[in-house]
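K.L.:
Structure of the sequence below:
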Amino acid sequence: MSDLSIEEYLVHYLPGLVGRYLKEDPVPNMDGTLFTLQISITGEKNLVFGITIRDSKQITVTPGGLENPQVALEIPEGIIQPLVKMISSLTSRGQYDMLKGTKGSMDMEINLPDGQDMQARMVFNGADEPNCKMTGSSIDLGKIVSGLLDPTRAFMQGQIKLFGDLSFAIRLTQLVPKK
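P.N.:
Numbers count the residues shown, from 1 in each chain. This next block holds a predicted model:
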């Protein structure tokens, strides 16, 4: 994996990996759906990729942007690999329908094990408002995204902090997979 460039990872490796996740654990009742994600990667190179998943079965990754993606994610190049799990984490038609109707943005401040902070931003269906900000350790946020840690419990225990439109942040918890 370390020998792959970001472009090779996203265009060639990611579709096969997400395709395998979806084949091993298919999401029922997803016929007729189209999920679109645009990833803008900042770092040594600034790159933009569009990811389209049809019917929760077919994934296409295209260099360049998408018109009106459901989710636009701006991230530093260091967190590409953990993103795979997030992309394939839609586990129900309810989550898809909720995502399709969600408008707003979330800024994230991710505390890395080496003490540095990494900034990321998610924009849902092209809307900047409402907006919330979430901060937390990369370990805790990874557990939330993978469904191993309930986001409400993490907030109540101080593992993550939320700022801004808290009702929007609470609605976003419906996107987190349940284990």
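K.L.:
contacts, neighbours, all on C-alpha from now
P.N.:
Noted.
K.L.:
so what's the nearest residue to Glu129 once chain neighbours are set aside bridging to?
P.N.:
Sequence neighbours aside, Gly104 is the residue nearest to Glu129 in space, at 4.5 Å (criterion: Cα to Cα, 6 or more residues apart in numbering). With DSSP bridges applied, Gly104 shows beta-bridge pairing to Phe124.
K.L.:
quick one: Gly104 from Pro130, how far?
P.N.:
5 Å (Cα to Cα, to the nearest Å).
K.L.:
Quickly list what's touching both of these two.
P.N.:
When contacts are counted by Cα atoms under 8 Å, 6 or more residues apart in numbering, Gly104 and Pro130 are jointly contacted by Phe168.
K.L.:
of those two, who's got more company?
P.N.:
Comparing Gly104 with Pro130 by other Cα atoms under 10 Å, the one with more neighbours is Gly104, at 20 against 17.
K.L.:
wouldn't the more buried one be in contact with Arg121 here?
P.N.:
No. Applying Cα atoms under 8 Å as the test, Gly104 and Arg121 come out as separate, 10.8 Å apart.
K.L.:
How is Thr62 classified with respect to secondary structure?
P.N.:
strand (DSSP: H, G, I helix; E, B strand; the rest coil).
K.L.:
Local confidence estimate at it?
P.N.:
The model reports Thr62 with a pLDDT of 88.
K.L.:
Quick check: phi and psi at the residue nearest to it when sequence neighbours are not counted.
P.N.:
Closest residue to Thr62 apart from its sequence neighbours, by Cα to Cα, 6+ apart: Gly50 at 5.1 Å. With angles defined as degrees, to the nearest 10, Gly50 sits at phi -100, psi 140.
K.L.:
Kindly state the beta-bridge partners for Ile51.
P.N.:
Leu37, Val61.
K.L.:
distance of Asn46 from Ile39?
P.N.:
Counting by Cα to Cα, the gap from Asn46 to Ile39 is 10 Å.
K.L.:
Next secondary structure after the one helix or strand in the chain whose mean pLDDT sits lowest?
P.N.:
Every helix and strand in the chain was compared by mean pLDDT, DSSP states H and E; the lowest is helix 80-87, with a mean of 56. Going down the chain from helix 80-87, the next helix or strand is helix 93-100, by DSSP states H and E.
K.L.:
chain center to that following helix: distance?
P.N.:
Here helix 93-100 is found 14 Å from its chain centre; the criterion is Cα atoms, centre = their mean, to the nearest Å.
K.L.:
So for that helix, what gets flagged as buried?
P.N.:
By neighbour count on 16 or more other Cα atoms under 10 Å, the buried set for helix 93-100 is 93, 95-96, 99-100.
K.L.:
before we move on, the earlier item: list the contacts for the residue nearest to Thr62?
P.N.:
36-39, 61-66.
K.L.:
Quick check: buried residues in the longest helix along the chain?
P.N.:
Assignment by DSSP state H gives helix 14-24 as the longest helix of the chain. By 16+ other Cα under 10 Å, the buried positions in helix 14-24 come out as 14-15, 17-19, 21-22.
K.L.:
Great, nothing more from me.
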